[in-house]
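Colleague: Sequence first, predicted coordinates after that:
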Amino acid sequence: MPPDLQELVVASWAGELEDEHALGERLRTAVAEVVVKQVELGVDIVSDGEFSKSSWMGYATERLDGVEVREGTNWYDAEGTISGNKDYRDFSDFFEQAGDQMTWFAPGAETRGRQWSMSRESVATGPLTYSGHDAINRDAANLKAAMAAANVEEGFLPVVAPASVESVLQNEYYPDEESFFADLAAALKDEYRAIIDAGLICQIDDAYLAGAWEYREVRGWDLKAYKDWVALSVEAINAGLEGLPEDRIRYHVCWGSSNRPHSTDIELAEIVESILKVNAQTYLIEAANARHEWEWRVWEDVQLPEGKILMPGVIEHATHVVEHPETVAERIMRFADLVGRENVIAGTDCGFRGRSHPQVAWAKLEALAQGADIASKRLWRR
Amino acid sequence: MSQRPDRILTTHTGSLPRPVSLIDLYRQQASDEVVQEELRPAVADVVAKQREVGIDIVNDGEYGKPMIGEVDYAAFTRYRYARLTGYEVLEVEETFELIGGRDRRDFEEFYRSGAAAISETGRQAIARNVGPISYVGHDDIQRDIENLKAVIAGGDASGAFMAAIAPQEPARVGDHYATAEEEVLALAEALREEYKAITNAGIMLQIDDARLVAEFEDKYSIDWDLGGFRSWAAHHLERLNHALEGIPAERVRYHVCWGSWKGPHSSDLPLKDIVDLILGLNVSQYVVEASNPQHEHEWEVWKDTKLPDGKIVVPGVVTHKTNVLEHPEVVAQRLAQYAGAVGRENVIAGTDCGMGGRIDAKLAWAKLAALSHGAELASKRLWQR
């Protein structure tokens, strides 16, 4: 994200921006630039870089009515929650010192923005309804204009899954999680639909689905209780997707992007059946980092349903080392051999902004495109 | 370890996290006696700890090589100046301009951000030759050997290794020798003393060659001049063979170090372009990077390259270049690839590089535990148990 845009965004959050029009204008040009960059590197399906969002899940609370913002720490970042996490406990020295390594390349403004959002907690105190129509229509229009200018056909906008909002939104209004999720889904449905109506692909981001296992002690879950919650989360997603065309939906599940040991990540095999119940055509799943790189083998036992597409991460942000295109090709081939070459799209473990240095991030995307090229040549024997 | 193993054995590349108390003593430049008092029990601990996490071929964690900060990537090479005559050591500011090359050119902003710093002091030692080079580290190396042998059951050192630095050409010719060639040969002969001390004690010698690929990066990567580099490399490796003269190849393993800094490494020398030359070394094992994404695919090199009989590959199956802890199944997968290419009995599980000073201590140990757990999984499958 360009630092000058970041400055404007943070100023806007803090209510310090005098000219909101300047932000809107810079956002539009920045999206145009980032689309051109993706096209140059060989990325076929482009995004807006999520430049309009405070964070991948936190933005949603800004687009909902029924939310009260209070001073305080949101529960996700709270001390007690972190100490209830085994990965944090087992590697406490690491977490104490990691600091910068957790989000390495946040420019000053991004760090300030993060601190700002962490000092506030959002609480659902009334019925949740969607109020972000202007924001999502602006995002869609910016991306579509950029795509037209760059002559690119397919674009996607990432949005948050209902249950992932729970990670940044306390509930004081709803009597139970079921009704909380139901209204979140109904509200977010407006956003999902706006993206589809604009002719874009809707990507549902759900890091919390797998990531929530980290908080099992705080939540008092055993494996079964967690899986029940996963099932509930998936029902909520499907409620939000009801009536929308499956072939325009992709679903991203990850284990949380912080650059930490991830020693207690739930294995994909435990949740893959639930993931496949999401009414999306394409599934984006981490597969490049050292904790999950072996899980292509899940597809030896699990059948990818007819018509579905797998988009494994074949590059990652958790190391500065740039993937060799041959490493990328090898990762792609493993999936292609199991689920069929036409059912695989080469993807990334997670987003890069604030997680990798921009120079490294772009080089990794280039390696991804080169690796996909090598794999395609081999798979189609050209 | 002379018998054929019936499973994948485990080792690592040398440096392990030091106790803070030991780092403090080195930082204060405490006397040899004071250091030894701390060092001996620390080596006993680090050997016990390696056994605990399932490492078969152990070392002293390189605790005898002074580490002067909790982040310190250079102890493996800097130690030599205290054991050699003829050098003037200068402390300079750590800047990325100390090495050139394509990676630093293409990722200048990344490097300038400090993300790939290799010390916490921001200082780095460089040395210049000012007199005749000879080895004077006999007491140091004997101390290291004795500390290690003291804690190995029955003093049998066949399951132990110890690293020593390879001779390398100086960046600039110093004052004493007429040519760089004379200087490097003098260094090779001096270091041979250390090599012999290690192998005479029955310990496997690991040669840490930090120069081979650094030279490529520095001088040949921008033009991608493989021909020019290979001529230089052939000569460099000849000089290493000269340093190893009289030492049985079975007692030596060779670590190709691509540089442990946490950078993009986008222009690392491909193994395939050097493998034939390193196979000409008088060593029996090759310790190579295999778990960071720039080198992870290079097991395929061994499908096309015949590993000579009796030689062994020690791929790095865990890496310090990510804070993500390797899943044992990822380790097993990497080992299975190597076993498929060179035969299960010719693979030992290792690490990309030393862990000490480069990653959180607990995470380093967790990675070593993942390594041996993964080796166990791979062994069960490879020997069909």
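Modeller: Structure received.
Colleague: and the closest residue to B:Phe216 other than its chain neighbours, what is it in contact with?
Modeller: Closest residue in space to B:Phe216, ignoring its immediate chain neighbours: B:Leu269 at 4.2 Å, by Cβ to Cβ, 6 or more residues apart in numbering or on different chains. C-betas here are computed from N, CA, C, even on glycine. Shown in contact with B:Leu269 (Cβ atoms under 8 Å, 6 or more residues apart in numbering or on different chains): B:Leu212, B:Val213, B:Phe216, B:Glu217, B:Ser221, B:Phe229, B:Trp258.
Colleague: Give the helix, strand or coil label for the last one.
Modeller: Secondary structure state of B:Trp258, per DSSP: H, G, I helix; E, B strand; the rest coil, is coil.
Colleague: Looks like it contacts B:Val213 (just checking).
Modeller: Yes. B:Trp258 lies in contact with B:Val213 (Cβ atoms under 8 Å); the separation is 5.1 Å.
Colleague: what is in contact with the two at once?
Modeller: With Cβ under 8 Å, 6+ apart as the test, B:Trp258 and B:Val213 both reach B:Asp268, B:Leu269.
Colleague: Give me the phi and psi angles of the residue nearest to B:Phe216.
Modeller: phi -60, psi 130 (degrees, to the nearest 10).
Colleague: In this model A:Trp56 seems to touch A:Pro158, though I could be wrong.
Modeller: Yes. Between A:Pro158 and A:Trp56 there is a contact under Cβ under 8 Å: 6.7 Å.
Colleague: got any residues that touch both of the two?
Modeller: A:Glu50, A:Asp205, A:Gly351.
Colleague: So which residues of the chain form strands?
Modeller: With no chain named, the answer covers chain A. For chain A, strands defined by DSSP state E occupy the ranges A:45-46, A:64-71, A:120-130, A:154-160, A:169-171, A:201-206, A:249-253, A:282-285, A:309-315, A:347-348.
Colleague: switch to chain B, that's the one I care about
Modeller: So, for chain B - with DSSP E - the strands run B:9-10, B:87-93, B:123-129, B:161-165, B:204-209, B:252-256, B:285-288, B:312-318, B:348-351.
Colleague: Check what contacts the fourth one and list those residues.
Modeller: Taking Cβ under 8 Å, 6+ apart as the criterion, the residues outside strand B:161-165 that touch it are B:11, B:13-15, B:57-60, B:62, B:76-77, B:79-80, B:144-145, B:148, B:191, B:194-195, B:198, B:203-208, B:210, B:253, B:255.
Colleague: ok so, going back, make a markdown table out of the strands of chain B and add mean neighbour count and mean pLDDT.
Modeller: Converted to a markdown table, those look like this (neighbours: other Cβ atoms under 10 Å in any protein chain shown; pLDDT from 0 to 100):
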| stretch | mean neighbour count | mean pLDDT |
| --- | --- | --- |
| strand B:9-10 | 24 | 97 |
| strand B:87-93 | 12 | 86 |
| strand B:123-129 | 17 | 84 |
| strand B:161-165 | 23 | 97 |
| strand B:204-209 | 23 | 97 |
| strand B:252-256 | 24 | 97 |
| strand B:285-288 | 25 | 98 |
| strand B:312-318 | 27 | 98 |
| strand B:348-351 | 29 | 98 |
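Colleague: As TSV, those with distance to B:Glu238 would be great.
Modeller: Formatted as TSV, those follow (distance: least, Cβ to Cβ, whole Å):
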stretch	distance to B:Glu238
strand B:9-10	31
strand B:87-93	23
strand B:123-129	21
strand B:161-165	17
strand B:204-209	13
strand B:252-256	14
strand B:285-288	17
strand B:312-318	22
strand B:348-351	26
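Colleague: closest to B:Ala48 out of those?
Modeller: strand B:9-10 (15.5 Å; Cβ to Cβ).
Colleague: who wins for most neighbours among the contacts of B:Leu269?
Modeller: Using other Cβ atoms under 10 Å in any protein chain shown as the neighbour definition, these reach their maximum at B:Phe216, which records 27 neighbours.
Colleague: Let me see the contact set for it.
Modeller: Contact analysis of B:Phe216 by Cβ under 8 Å, 6+ apart lists B:Phe229, B:Ala233, B:Leu269.
Colleague: pLDDT added to those residues, as JSON lines?
Modeller: Output for the contacts of B:Phe216, formatted as JSON lines (pLDDT from 0 to 100):
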{"residue": "B:Phe229", "pLDDT": "98"}
{"residue": "B:Ala233", "pLDDT": "97"}
{"residue": "B:Leu269", "pLDDT": "97"}
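Colleague: all helices of the stretch 151-300 of chain B, in order?
Modeller: B:180-200, B:212-215, B:226-243, B:275-278 (DSSP state H, counting those that start in this stretch).
Colleague: And the longest one, what does it pack against?
Modeller: Identification of packing neighbours for helix B:180-200 by 3 or more Cβ pairs under 8 Å, 6 or more residues apart in numbering or on different chains; DSSP states H and E yields helix B:138-149, strand B:161-165, strand B:204-209, helix B:226-243.
Colleague: For the strands of chain A, could you give me a markdown table that also reports distance to chain B?
Modeller: Shown next, in a markdown table, are those (distance: least, Cβ to the nearest Cβ, whole Å):
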| stretch | distance to chain B |
| --- | --- |
| strand A:45-46 | 23 |
| strand A:64-71 | 32 |
| strand A:120-130 | 28 |
| strand A:154-160 | 23 |
| strand A:169-171 | 28 |
| strand A:201-206 | 20 |
| strand A:249-253 | 17 |
| strand A:282-285 | 15 |
| strand A:309-315 | 7 |
| strand A:347-348 | 12 |
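Colleague: Run through the residues of chain B sitting next to chain A.
Modeller: Residues of chain B lying near chain A by Cβ under 8 Å from any Cβ of the partner chain: B:106-110, B:113, B:115-116, B:262-266, B:291-297, B:300, B:318-319, B:321-327, B:329-330, B:332-333, B:360-363, B:366.
Colleague: From those, list the buried ones, please.
Modeller: Among those, those scoring as buried are B:106-107, B:110, B:113, B:115-116, B:262-266, B:291-297, B:318-319, B:321-327, B:329-330, B:332-333, B:360-361, B:363, B:366 (criterion: 16 or more other Cβ atoms under 10 Å in any protein chain shown).
Colleague: mind saving the C-alpha coords of stretch A:352-369 as PDB?
Modeller: Extracted C-alpha coordinates of stretch A:352-369, given in PDB (Å, rounded to 0.1, in the frame of the first residue of the first chain):
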ATOM      1  CA  PHE A 352       1.100  -9.700   1.800                       C
ATOM      2  CA  ARG A 353       0.400  -6.100   2.800                       C
ATOM      3  CA  GLY A 354       2.100  -5.300   6.100                       C
ATOM      4  CA  ARG A 355       3.400  -8.900   6.200                       C
ATOM      5  CA  SER A 356       6.200  -8.800   3.700                       C
ATOM      6  CA  HIS A 357       8.400  -6.000   2.500                       C
ATOM      7  CA  PRO A 358       6.800  -4.700  -0.700                       C
ATOM      8  CA  GLN A 359       9.800  -5.500  -2.800                       C
ATOM      9  CA  VAL A 360       9.800  -9.100  -1.500                       C
ATOM     10  CA  ALA A 361       6.100  -9.400  -1.900                       C
ATOM     11  CA  TRP A 362       6.100  -8.500  -5.600                       C
ATOM     12  CA  ALA A 363       9.100 -10.800  -6.300                       C
ATOM     13  CA  LYS A 364       7.200 -13.600  -4.700                       C
ATOM     14  CA  LEU A 365       4.200 -12.900  -7.000                       C
ATOM     15  CA  GLU A 366       6.500 -13.000  -9.900                       C
ATOM     16  CA  ALA A 367       7.900 -16.300  -8.800                       C
ATOM     17  CA  LEU A 368       4.300 -17.600  -8.500                       C
ATOM     18  CA  ALA A 369       3.500 -16.700 -12.100                       C
END
